[in-house]
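Novice: build the 3D model from these lines:
(chains A, B, C and D)
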2 protein chains.
Amino acid sequence: MKRVATDNPTQDKILDVAERLVQMRGFNGFSYADVADTLGIRKPSIHHHFPSKSKLGERLVARYTERFMEALAGIRGGSATARLRRYAELYRKVLRDSDGERMCLCGMMAAEVGTLPHGVRKRIQEFFDRNEEWLADLLDTGRRAGQLQFRDAPRDAARRTVSSLEGAMLVARAHQDPARFERHIAGLLADLKP
Amino acid sequence: MKRVATDNPTQDKILDVAERLVQMRGFNGFSYADVADTLGIRKPSIHHHFPSKSKLGERLVARYTERFMEALAGIRGGSATARLRRYAELYRKVLRDSDGERMCLCGMMAAEVGTLPHGVRKRIQEFFDRNEEWLADLLDTGRRAGQLQFRDAPRDAARRTVSSLEGAMLVARAHQDPARFERHIAGLLADLKP
DNA sequence: GTCTATAAGATGATAGAC
DNA sequence: GTCTATCATCTTATAGAC
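Specialist: Reported below is the predicted structural model:
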């Protein structure tokens, strides 16, 4: 089994807890004390593994992106429509598994970008860029096969889709209503049907 | 001229500065000290006008919503397509006038909803609800007149549009690229054309 | 690798003079 | 309505013992 994070169980636990906190409260909405309390350890132990909060932030985004890309790589069989559905499912899962409390880590941190160090900011951009690239390829393939329909360039349609998923997650979560997000996905998919 | 905020110039200035800070850095990303420094006054003066940060938050969202609704009320003449364009223009203006640094106040605070008091949360939901209501009516009218085209209920299409605009703003700002948002709008409008 | 102790600064907030 | 002074608490971070 490929290790996506580290070979250090404590570091993984810290990243797990911090990830959840960021997705629920934002990068500026949690502290080392929160992580320490949750894990039953002390703050300096966190600093031992992640000297600064900036470094922790970079690692969080890097790990999240890496895992997301692995999930994308796993979407292979079936029609373009089916793969598109599985793509949307990835987003849906975030919200649904947390009962509408968590949102995409990078969507959350995109909002906070004005307060984040440059290294983190670039990694967040990279998350969206890689999503768009993967999706543009899928949309292009699907349209050529007559399975999908859209009017402009695959890249533009991909950007619109990613943005749309992020925004729908943001708004659905503000309403504490995951069903709202699921309807959004249904509408998105319907629009792309020929 | 109708007063949208208060009849107190100092309170208005505080709201103006705080609004800008929230749109750039988030509600958890600014402090009373930031506002005080910008205005050249002291922290307790801010507390005199807004005793707690929660109250300030509520007032910020209320004022933003009120102004947005006034702008919507001003969108009257022309075809449904033209009115839709003017609606999108409202969002575009936020990003463009700040050179890609600010985003929608309520979109930003929607991300931070996990840390905000309930009163603020409800007002944020209200912003989206009222946007969706206004837009659903426009979409419905436009479709009946044969000027717009979409497949599902006006309410669902309206929700999808609002979410999409919020998400596109979020992602475009993360890239510091307002042009990305303008392309998104162009694609959105094209999709709604019959 | 984890702990205690501690620092230096920020934060939201209040009391009370002018 | 604004100020100085002050507060308790939180935040990120370090030094150094075990």
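Novice: list the contacts for A:Arg76?
Specialist: Residues near A:Arg76 by Cβ atoms under 8 Å, 6 or more residues apart in numbering or on different chains: A:Arg83. The way it works is simple: take the backbone N, C-alpha and C, and place the C-beta from them, glycine included.
Novice: assign a three-state SS to it, would you?
Specialist: Per DSSP: H, G, I helix; E, B strand; the rest coil, the local secondary structure of A:Arg76 is coil.
Novice: how close does it get to chain B?
Specialist: Counting by Cβ to the nearest Cβ, to the nearest Å, the separation of A:Arg76 from chain B is 26 Å.
Novice: tell me the spacing between the closest residue to chain B within chain A and A:Ala186.
Specialist: Taking Cβ to the nearest Cβ, chain B has its nearest neighbour within chain A at A:Gly167, 2.2 Å off. To A:Ala186, A:Gly167 is 16 Å away according to Cβ to Cβ, to the nearest Å.
Novice: have a look at the two and say which one is more surrounded.
Specialist: Ranked by neighbour count (other Cβ atoms under 10 Å in any protein chain shown), A:Gly167 and A:Ala186 place A:Gly167 first, with 26 against 15.
Novice: give me the nearest residue to the more buried one, chain neighbours excluded.
Specialist: Leaving aside its sequence neighbours, A:Gly167 sits nearest to B:Gly167 (Cβ to Cβ, 6 or more residues apart in numbering or on different chains; 2.2 Å).
Novice: need the nearest residue in space to A:Arg102, chain neighbours excluded.
Specialist: The spatial neighbour of A:Arg102 that comes closest, neighbours along the chain excluded (Cβ to Cβ, 6+ apart), is A:Gln23 at 3.8 Å.
Novice: what about that neighbour, neighbour count?
Specialist: Around A:Gln23 there are 25 other residues, counting by other Cβ under 10 Å.
Novice: the top helix by length along chain A close to chain B?
Specialist: For chain A, the longest helix by residue count, based on DSSP state H, is helix A:118-144. Yes. For helix A:118-144, a contact with chain B is found by Cβ under 8 Å from any Cβ of the partner chain, at A:Arg121, A:Ile124, A:Gln125, A:Phe128.
Novice: so which of these is the most crowded?
Specialist: Per-residue neighbour counts (other Cβ under 10 Å) across the residues of helix A:118-144 next to chain B peak at A:Ile124, which has 25 neighbours.
Novice: the residue in chain A that DNA strand D sits nearest to and B:Leu21, how far apart?
Specialist: Proximity of chain A to DNA strand D (Cβ to the nearest atom of the strand) peaks at A:Ser31, 3.0 Å away. In this view, A:Ser31 and B:Leu21 are 21 Å apart by Cβ to Cβ.
Novice: alongside DNA strand C, which residues does chain A contribute?
Specialist: Proximity of chain A to DNA strand C is confined to A:Asn8, A:Thr10, A:Gly40, A:Ile41, A:Arg42, A:Lys43, A:Pro44, A:Ser45, A:His48, A:His49 under the rule Cβ under 7 Å from any atom of the strand.
Novice: isn't the first one right up against A:Phe50?
Specialist: If I follow you right, that is A:Asn8. No. Judged on Cβ atoms under 8 Å, A:Asn8 makes no contact with A:Phe50 at a distance of 11.1 Å.
Novice: neighbour count winner among these two?
Specialist: Higher neighbour count among A:Asn8 and A:Phe50: A:Phe50, with 20 against 12, using other Cβ under 10 Å.
Novice: show the pLDDT at the more buried one.
Specialist: A:Phe50 carries a pLDDT value of 98.
Novice: nearest spatial neighbour of it, skipping sequence neighbours?
Specialist: Using Cβ to Cβ, 6+ apart and skipping the chain neighbours, the partner closest in space to A:Phe50 is A:Leu56 (4.0 Å).
Novice: go on, A:Arg130?
Specialist: A:Met69 (6.2 Å).
Novice: how many neighbours does the one you found have?
Specialist: When neighbours are counted by other Cβ under 10 Å, A:Met69 registers 15.
Novice: please tell me how far it sits from A:Glu101.
Specialist: According to Cβ to Cβ, A:Met69 and A:Glu101 sit 24 Å apart.
Novice: wait, what's in contact with the residue minimising distance to the centre of chain A?
Specialist: Taking Cα atoms, centre = their mean, the centroid of chain A lies closest to A:Cys104, which sits 3.9 Å from it. By Cβ under 8 Å, 6+ apart, the contact set of A:Cys104 is A:Gln23, A:Tyr91, A:Val94, A:Glu166, A:Met169.
Novice: same thing with A:Asp137?
Specialist: By Cβ under 8 Å, 6+ apart, the contact set of A:Asp137 is A:Pro154.
Novice: quick one: it and A:Ala80, what's the gap?
Specialist: According to Cβ to Cβ, A:Asp137 and A:Ala80 sit 10 Å apart.
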